[in-house]
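Enquirer: model this:
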Amino acid sequence: MASSYLRTLTKLAILPFVLIIIASCGSSSPTDDLTQESGTTAETTSVVSGEQSTTEVEQPTTSAVEETQATYQISFQNDIMPIIESSCARCHTGIGPGTPHALFETAADVSANAFAVAAVVEAGIMPPWPASDLSVGFLHDWSLSQEDKDLVSDWSRSGGAVDIDPATKVIASEGVNHLVAYEELFPDGNYDGEKGQTDEYRCFIYDPELTERKYLTGYEFVPDQLQVVHHMVGYRVPTELRAAAERKNFSDGQGGWSCFGGTGLGGDQIGTLNQMITVWGPGGGAVQYEEGLGLLMEPGDFFVLQVHYHFDVEAPADNSTFRTQWSSNENIEPVELLLYFAPAEIPCSVNESGPLCDRNASINDRLASYDGEGVQANMVLGLCGYTPEDFAHMTDGIASSTCDQSAGLTGTIVSVLGHQHNIGTSFRMTLNPDTPEERILLDIPKWDFEWQFAYYPTEKIQIKANDVIRLDCTWDRSLRPSNLEPRYVVWADGSDDEMCFAIIMGNRTN
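Expert: Alright, predicted model coming up:
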């Protein structure tokens, strides 16, 4: 089974060929539709992608012309180009992640792909924006209104013509999906799956070689072997742990080191040594802090990126990179990440059976696969005050969980992010639930592993350390691949395990 991200890329890559086949199997052009009510002919001239053609077609009746008049009045310049530049250009221009599948450098490029653009818009495949309107408002919202979707569809059906110079450049109107000016860091060594196991967490040193205090103001993780890179967790590591990292690096003959659960250097996630700075999942783009914010880095500090590989296909050695932007301005205010958890306990359904449907057997099997680490199920249960018996009744194939935790920070929310794996169906993060001050920070009613964004609120949302953050997650066992052995799915590190966690990036004021 190829990774879900690869499946999305594959669908997008083959879409033009699928659409060509559909078109050749009986679909009609706008001109064809106009010829059905008349036997007379006339010459028509159209401009599509900058090329003129003169065609003798049957003269439409007055009623047919009236029916299509509104459609032909759609302006590419005034109606379509703004949609492309606000919701498509960030991925499909320059070096954006969508460019291998559809490159929209000019108006002519968009016109040439008009039918495909309309097809993915109508199907809801593009543009990706999983957050619902129940969430707080977010910057750089890619989603399209129904009016915008109708405009794209009608423009495509009318022939996808452009009413501006076809060479007009397409320019993203806002936001970033990749860094243009950057320093590109490469890992100290790489890894090709030599251990032979399906899931491997590998830590790599990425060294910016800092000789003075600086602030990281923007960054982008660029996965190399997309077919096996599942996700990444990034840490800022202080110089006093450099010797420990060097001892681990190449310790088994390949670059990096095996690191289920954390970096293995001590103080991961909540300690004072390593500081988690980022999480990347499929669909995630560049992170650009707002003006005046950044991550403080001292001389000698470096990054350790923990990359989760899921080797369900063969791939060359991975050489993912980390692009960075820096500032030496001492007036920058530091940001930090806070993590919140909820259990992931998904018992086998009444229609399933097998030895791994026993929770303890499943956990022991996972521990054996992950070097005795990488299974957080019991830790999260304890954190949230649950026992396995609280989930034992969820045997109809659908499971859910919820957990309340203290916010742990007094300050301003910079961004929010949620994370589940492939059988997740919904995600919600709520601030101060069941109170007059309740705010739904992030609601994703239809979870899609392929699009895991960091969302940036349009307003400055203030939180206090004793505020409550509630997570709600749901899962559907029918989404598990049919070739997998039935098992009690727990919170663990593998792609076929599950998780439920959230991150708030905040600017602390206390």
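Enquirer: the bottom helix or strand of this structure by mean pLDDT?
Expert: helix 30-34 (a mean of 29; mean pLDDT, DSSP states H and E).
Enquirer: shaky segments in the protein?
Expert: Applying pLDDT under 70 to the chain flags the ranges 1-72, 95-97, 174-181, 267-274, 283, 510.
Enquirer: repeat the analysis, applying 50 as the threshold.
Expert: 1-72, 176, 268-272 (pLDDT under 50).
Enquirer: all helices of it, in order?
Expert: With DSSP state H as the criterion, the chain has helices at 4-24, 30-34, 62-72, 81-87, 89-92, 107-112, 114-123, 146-157, 242-248, 359-369, 377-384.
Enquirer: could you chop this structure up by domain?
Expert: As given by automatic domain parsing, the domain ranges for the chain are 4-157, 183-333, 338-508.
Enquirer: so for Ile171, which of those domains sits nearest?
Expert: When the domains of the chain are compared by CB to CB, domain 4-157 sits nearest Ile171, at 6.0 Å. Glycine gets a C-beta too; all of them are placed from N, C-alpha and C.
Enquirer: now Ser86. Nearest residue, chain neighbours left out?
Expert: Nearest residue to Ser86, sequence neighbours excluded (CB to CB, 6 or more residues apart in numbering): Ser173, at 4.7 Å.
Enquirer: what is the neighbour count of that neighbour?
Expert: With neighbours defined by other CB atoms under 10 Å, the count for Ser173 comes to 15.
Enquirer: separation between it and Trp280?
Expert: Applying CB to CB, to the nearest Å, the value for Ser173 to Trp280 is 24 Å.
Enquirer: now swap in Phe104 and tell me
Expert: Distance from Phe104 to Trp280, counting by CB to CB: 24 Å.
Enquirer: cool, and Leu381?
Expert: 27 Å.
Enquirer: ditto for Ala114
Expert: Taking CB to CB as the measure, Ala114 falls 32 Å from Trp280.
Enquirer: comparing those two, which shows the higher neighbour count?
Expert: More crowded of Ala114 and Trp280, by other CB under 10 Å: Trp280, with 25 against 22.
Enquirer: now do the contacts for the more buried one.
Expert: Phe221, Pro223, His231, Met232, Val233, Gly234, Gln452 (CB atoms under 8 Å, 6 or more residues apart in numbering).
Enquirer: now for the second one, how many residues are close by?
Expert: Spelled out, it's Pro223. Look at Pro223: counted by other CB under 10 Å, it has 21 neighbours.
Enquirer: quick one, what contacts it?
Expert: By CB under 8 Å, 6+ apart, the contact list for Pro223 reads Val229, Met232, Trp280, Asp318, Ser320.
Enquirer: the first one and Thr321 touch, don't they?
Expert: Spelled out, it's Val229. No: look at Val229 against Thr321 with CB atoms under 8 Å: they stay out of range, at 11.7 Å.
Enquirer: comparing these two, which residue is more hemmed in?
Expert: Set Val229 next to Thr321 and count neighbours by other CB under 10 Å: Val229 wins out with 24 against 17.
Enquirer: who is that one paired with across the strands?
Expert: Using DSSP bridges, the beta-bridge partners of Val229 come out as Tyr309.
Enquirer: OK, contacts around it?
Expert: Pro223, Val307, His308, Tyr309, Asp318, Ser320.
Enquirer: also Arg470?
Expert: Contacts of Arg470 by CB under 8 Å, 6+ apart are Thr402, Cys403, Asp404, Gln405, Arg428, Met429, Thr430, Pro433.
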